[in-house]
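Student: Here's my sequence, what's the structure:
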Amino acid sequence: MHNGFRRLTGIGLGLAAVVLGPGNAHADTVVPLPDGHQTVTTTIGIPVDLSRTGERAVISPSLAPNGMSRTATVSATVYATTPGATSGTLETGYLVGCQVDLSGGLSLGGDVYVEPDSISPELTPSINLVPGGVAKVAFDTKKLDPTQGKVGIQYLDRGIQVSGCGGYAQARAYSTLNVTNDHGTAEVTLYGQPFGIG
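Tutor: Numbers count the residues shown, from 1 in each chain. Predicted structure coming up:
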């Protein structure tokens, strides 16, 4: 992970979510979240054990206290074992939504944006949102080690700032594992418990 920030922002009428680098937040509210676990054998015959542990969110005062911004930091460990896969990737992040979207006319400034299918881990794609829409904020993607049959991602105090939101904001963790063998490709997603950002 890198210091600095990544930004996910809507064009026109869009919700803007800024992903900040690791750091300490002045916490108002600590929200412990339950562990998640999913065990399944995919249709192509690959067993998958996917878990998320130690997840928590810290809701703190916004960096731009204007009534339409929300700030939270999140932490968790995501781990998967999948013996028999010849390749695969694990992606984890958060789905962030806003009740009322008031960010019309938001300037994109000098930020760099890429298409959603970009392979660059340093840039976050720009996603258009309508009022009441949801933004997908990807934190990290790791490749599976097929010789070990496992992959993991840990993030500590990663920040999410939602701007242009005039109503209730909510976030929910997701972790998606894609695995491949000689018979094809399968996808398994583990969702976390939703929590309010304010």
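
Student: Could you use CA atoms for every contact and neighbour count after this?
Tutor: OK.

Student: And for Ala80, the neighbour number?
Tutor: 23 (other Cα atoms under 10 Å).

Student: Over to the one 10 residues further on?
Tutor: A count of nearby residues for Leu90, using other Cα under 10 Å, gives 25.

Student: from memory it sits against Ala138, does it?
Tutor: No - assessed by Cα atoms under 8 Å, Leu90 is found out of contact with Ala138, at 10.9 Å.

Student: Quickly note the distance from the residue lying closest to Thr39 once chain neighbours are set aside to Ala57.
Tutor: In space, and not counting its chain neighbours, Thr39 is closest to Asp49: 4.5 Å by Cα to Cα, 6 or more residues apart in numbering. Asp49 sits 24 Å away from Ala57, taking Cα to Cα, to the nearest Å as the criterion.

Student: Which of the two has more residues huddled nearby?
Tutor: Ala57 (23 against 17).

Student: who does the nearest residue to the more buried one once chain neighbours are set aside bridge with?
Tutor: Leaving aside its chain neighbours, Ala57 sits nearest to Val74 (4.4 Å; criterion: Cα to Cα, 6+ apart). Assessed by DSSP bridges, Val74 has beta-bridge partners Ala57, Arg158.

Student: ok, now Val31?
Tutor: On the basis of DSSP bridges, Val31 is bridged to Ala57.

Student: Check Gln154 too.
Tutor: Per DSSP bridges, the residues bridged to Gln154 are Thr77.

Student: count of residues packed around it?
Tutor: Neighbour number of Gln154 under other Cα under 10 Å is 16.

Student: so it sits right up against Leu90, yeah?
Tutor: No - in this structure Gln154 lies outside contact range of Leu90 using Cα under 8 Å: 11.6 Å.

Student: picking that back up, so how far is Ser163 from the residue nearest to Thr39?
Tutor: As for Asp49, its distance to Ser163 is 36 Å (criterion: Cα to Cα).
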